[in-house]
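Visitor: just a sequence and a predicted model for now, questions to come.
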Amino acid sequence: MPVELHIAAWGAILLLVHIFAAVHLKTKQYGRDWNVGARDEAVPPLNPVAGRLARAQANFLETFPIAIVALLGVVIAGRTSAWTALGGWIWLGARTIYLPLYGFGVPVVRTAVFVISLVGLLMVLKPLLLG
């Protein structure tokens with residue numbers, strides 16, 4: 001199996017980590033009834049850490065579809081290589097590091113790590129875009 005598919009699968013696991021980390025802190029703040037309820041009622045703003053984790057989750061959800069297209073695209077097109085595998089691992093590693101950086105509120109470095117993840121994605125996309 002191409003390594004790019006393994007990276008995509010680990011990306012899905014990372015998405016679950018994002019979801020559960022954010023929901024755990026939301027539940028801690030709003031309570032179990034909020035978690036199991038319809039969530040129709042107005043709630044106060046999230047505390048800073050829960051808010052950062054929710055924003056990190058939203059950020060991951062914005063870029064994960066791009067990663068899926070890139071990783072699956074090179075497999076389907078038969079364009080996998082050491083370069084696309086390296087790009088995929090760079091993307092996944094940077095995105096894994098990004099979550100705690102965002103959660104702890106680390107500025108600048110968090111943005112640099114995000115940019116590194118985009119470089120990894122571009123490494124995977126390049127064979128699809130430029131042949």
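Guide: Everything's here; your move. Numbers count the residues shown, from 1 in each chain.
Visitor: now do the lowest-mean-pLDDT helix or strand in the chain: distance to the chain's middle.
Guide: Ranking every helix and strand in the chain by mean pLDDT, DSSP states H and E puts helix 32-36 at the bottom, with a mean of 92. Relative to its parent chain, helix 32-36 has a centroid offset of 25 Å by Cα atoms, centre = their mean, to the nearest Å.
Visitor: would you mark the buried spots in the very next helix or strand once past that helix?
Guide: Downstream of helix 32-36, the next assigned helix or strand under DSSP states H and E is helix 48-76. Neighbour counts over helix 48-76 (16 or more other Cβ atoms under 10 Å) mark 49-54, 56-57, 59-60, 63-64, 67, 70-71, 73-75 as buried. All C-beta atoms are positioned from the backbone trio N, CA, C, and that covers glycine.
Visitor: hmm, who's touching the least confident helix or strand of the chain?
Guide: Outside helix 32-36, the residues that touch it by Cβ atoms under 8 Å, 6 or more residues apart in numbering are 23, 26-27, 41, 43.
Visitor: 7 Å - rerun?
Guide: Residues outside helix 32-36 that contact it (Cβ atoms under 7 Å, 6 or more residues apart in numbering) are 27, 43.
Visitor: same check on stretch 90-103?
Guide: For stretch 90-103, contacts defined as Cβ under 7 Å, 6+ apart pick out 7, 10-11, 14, 17-18, 49, 52-53, 55-56, 60, 67, 109-110, 113-114, 116-117, 119-121, 123-124.
Visitor: same deal with stretch 62-70?
Guide: For stretch 62-70, contacts defined as Cβ under 7 Å, 6+ apart pick out 8, 11, 15, 91, 121, 124-125, 128.
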